[in-house]
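Asks: after the sequence you'll find the predicted model.
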Amino acid sequence: MPGRGLQVACWRGFHCSHTMKYHQRAAATPRRAIMYVPGYDDRKANKAATLTIDSIVLDCEDGVAINKKEEARVNIPKLLARTDFGSKDRFIRVNSRDTGLTEDDVSSILASNNLPDGLLLPKVNSVDDINWFCDLAARNGNLKSLNRPMILGVMVETAIAMLNLKEITSFKSNTFDLQCLIFGADDFLAEIGASKTENAMELMYARQHVILHAKAFGLQAIDMVYNNYKDLIGLQRQAIEGAKMGFTGKQVIHPGQIDIVQESFSPSKEQIEWAKALSIAFEDHQQQGKGAFIFRGQMIDKPLLLQANNILSLINNVNGSHTSS
Ligand SMILES: CC(=O)SCCNC(=O)CCNC(=O)[C@H](O)C(C)(C)COP(=O)(O)OP(=O)(O)OC[C@H]1O[C@@H](n2cnc3c(N)ncnc32)[C@H](O)[C@@H]1OP(=O)(O)O
Ligand SMILES: O=CC(=O)O
Ligand SMILES: [Mg+2]
């Protein structure tokens, strides 16, 4: 798994040191693009295995018709057993609590010896939904066989979830490691009765709200799906916008979206060069006793160093995940 050693170490550190702050627990594993693959669809799963992507989500939820739910939940453990997905993070998205289908998903998927790296819980409305799911999984699943906590991604896609984000993002558990907060924009639009516009201005507040809470609690923030999968220019515009806003990755639905999204969430060569040069200049000026100085025509002080550090740690994580694959 990409960066798995570091990730486990971080988690252990989190539970050993109660003084560690939330913002220090962010996962080192890059999840720039996470792609949904319907859980019953072997052809798409086999295709996904050949692609260069950070994470895949084997889906039991909305990518799967109601009459295919059983097929998906039975097929996914078999897929995990026989398919080499390389260094990709393998998530499973179960059905949400309100559907009454989660219990069957959990007993089929987590009773298997072929567990995924992580689980996505959709349509979470409150921390109670997460506690309910974790209890269910602990009772019915094979989680004790893992020598690490199960990674958890929580999808927020309702108005009430937005109001409850603080308690949702502060969720902690011994068996689950909440790492990602994922914005389900399509369900959110339906819930609030809005229509998607070209520049998605109707979603700006919710997107920022998700980023704010994810970052306050050290979680990865994953941006919305771009449905018009043949429009690569629009995809790139929205992906770059999301990256600039502070999202760490984006959900994708088609292989054609992967490269653009992963590139949009990776620092450019120019940014890396800038960050390295700035770090050196900052250190030199610190030694001269200067907290603020001019670098390439701009005033630099500590916040700019922290921004440069973000770029350097992202590229380290991306490179680390590729060398360990
Ligand atoms: C709001 C939400 O919840 S989003 C999540 C729920 N939605 C989904 O999961 C949708 C996932 N995506 C898909 O099902 C499909 O990409 C569709 C329906 C959008 C388009 O399907 P198609 O028209 O069949 O795609 P297309 O013919 O362009 O596929 C090209 C190749 O990519 C593969 N492919 C397409 N989508 C995927 C995918 N999601 N994962 C893996 N492979 C895929 C196809 O199998 C095909 O490969 P192959 O011919 O070598 O086997
Ligand atoms: O599940 C994703 C969404 O956009 O809704
Ligand atoms: Mg949804």
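Replies: Looks like it came in fine. Numbering: from 1, shown residues only. Ligands and ions are numbered 1, 2, ... in the order given.
Asks: endpoints of stretch 283-297, how far apart?
Replies: Start-to-end span of stretch 283-297 (Cα to Cα, to the nearest Å) is 18 Å.
Asks: pull the residues that contact it.
Replies: Stretch 283-297 is touched from outside by 274, 277-278, 281, 299-302, with contacts defined as Cβ atoms under 8 Å, 6 or more residues apart in numbering. C-betas here are computed from N, CA, C, even on glycine.
Asks: if you set the cut-off to 10 Å instead, what comes out?
Replies: 274, 277-278, 280-282, 299-302, 304-305 (Cβ atoms under 10 Å, 6 or more residues apart in numbering).
Asks: could you export stretch 131-150 as PDB, CA atoms only?
Replies: Written as PDB, here are the backbone C-alpha positions of stretch 131-150 (Å, rounded to 0.1, in the frame of the first residue of the first chain):
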ATOM      1  CA  ASN A 131     -21.000   5.300  15.400                       C
ATOM      2  CA  TRP A 132     -23.900   3.100  14.300                       C
ATOM      3  CA  PHE A 133     -21.900   1.900  11.300                       C
ATOM      4  CA  CYS A 134     -18.700   1.300  13.200                       C
ATOM      5  CA  ASP A 135     -20.600  -0.800  15.800                       C
ATOM      6  CA  LEU A 136     -22.200  -2.800  13.000                       C
ATOM      7  CA  ALA A 137     -18.900  -3.400  11.300                       C
ATOM      8  CA  ALA A 138     -17.200  -4.400  14.500                       C
ATOM      9  CA  ARG A 139     -20.000  -6.900  15.400                       C
ATOM     10  CA  ASN A 140     -20.300  -8.500  12.000                       C
ATOM     11  CA  GLY A 141     -16.900  -8.100  10.400                       C
ATOM     12  CA  ASN A 142     -13.500  -9.600  10.400                       C
ATOM     13  CA  LEU A 143     -11.800  -6.400  11.400                       C
ATOM     14  CA  LYS A 144      -9.900  -8.000  14.300                       C
ATOM     15  CA  SER A 145      -7.800  -9.900  11.700                       C
ATOM     16  CA  LEU A 146      -6.300  -6.600  10.500                       C
ATOM     17  CA  ASN A 147      -3.200  -5.300  12.200                       C
ATOM     18  CA  ARG A 148      -4.200  -1.700  11.500                       C
ATOM     19  CA  PRO A 149      -7.400   0.300  11.900                       C
ATOM     20  CA  MET A 150      -9.800   0.300   8.900                       C
END
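Asks: before we move on, the earlier item: now the contacts of stretch 283-297: which count as buried?
Replies: Using 16 or more other Cβ atoms under 10 Å as the burial test, the contacts of stretch 283-297 include 274, 278, 281-282, 300, 304-305 as buried.
Asks: filter those residues down to the ones in helices?
Replies: Counting by DSSP state H, the buried ones among the contacts of stretch 283-297 place 274, 278, 281-282, 304-305 in helices.
Asks: OK, contacts around the closest residue to residue 226 other than its chain neighbours?
Replies: Once flanking residues are discounted, residue 226 sits nearest to residue 235: 4.6 Å by Cβ to Cβ, 6 or more residues apart in numbering. By Cβ under 10 Å, 6+ apart, the residues touching residue 235 are 225-229, 250, 252, 254, 256-257, 260-261, 264.
Asks: want to try TSV for the ones in helices among the buried ones among the contacts of stretch 283-297, with pLDDT and distance to ligand 2 as columns?
Replies: Formatted as TSV, the entries for these read as follows, by pLDDT from 0 to 100; distance: Cβ to the nearest ligand atom, whole Å:
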residue	pLDDT	distance to ligand 2
274	97	34
278	98	37
281	98	42
282	98	40
304	97	35
305	97	36
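Asks: domain ranges for the chain?
Replies: When the chain is parsed with automatic domain parsing, its domains come out as 31-266, 270-323.
Asks: now the longest one, how far from the centre of its chain.
Replies: To tie it back to what came earlier, the one meant is domain 31-266. Relative to the chain's own centre, domain 31-266 is displaced by 7 Å; criterion: Cα atoms, centre = their mean, to the nearest Å.
Asks: picking that back up, tell me which of the contacts of stretch 283-297 is nearest to ligand 1?
Replies: residue 274 (35.2 Å; Cβ to the nearest ligand atom).
Asks: wait, the closest one sits on residue 268?
Replies: Yes: between residue 274 and residue 268 there is a contact at 9.2 Å, judged by Cβ atoms under 10 Å.
Asks: shared neighbours, these two?
Replies: residue 311.
Asks: which stretch of helix or strand covers residue 294?
Replies: strand 293-295 (DSSP states H and E).
Asks: picking that back up, check whether the residue nearest to residue 226 sits in a helix, strand or coil.
Replies: Assigned by DSSP: H, G, I helix; E, B strand; the rest coil, the conformation of residue 235 is helix.
Asks: before we move on, what about the one 5 residues further on?
Replies: In the three-state summary, residue 240 is assigned as helix, counting by three-state DSSP.
Asks: how many residues are close by it?
Replies: 15 (other Cβ atoms under 10 Å).
Asks: give the contact list for it.
Replies: Counting by Cβ under 10 Å, 6+ apart, residue 240 touches 260-261, 263-265.
Asks: in PyMOL, select just the buried ones from those residues.
Replies: Filtering the contacts of residue 240 down to the buried ones (16+ other Cβ under 10 Å) takes a single PyMOL command:
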select buried, resi 260+261+264+265
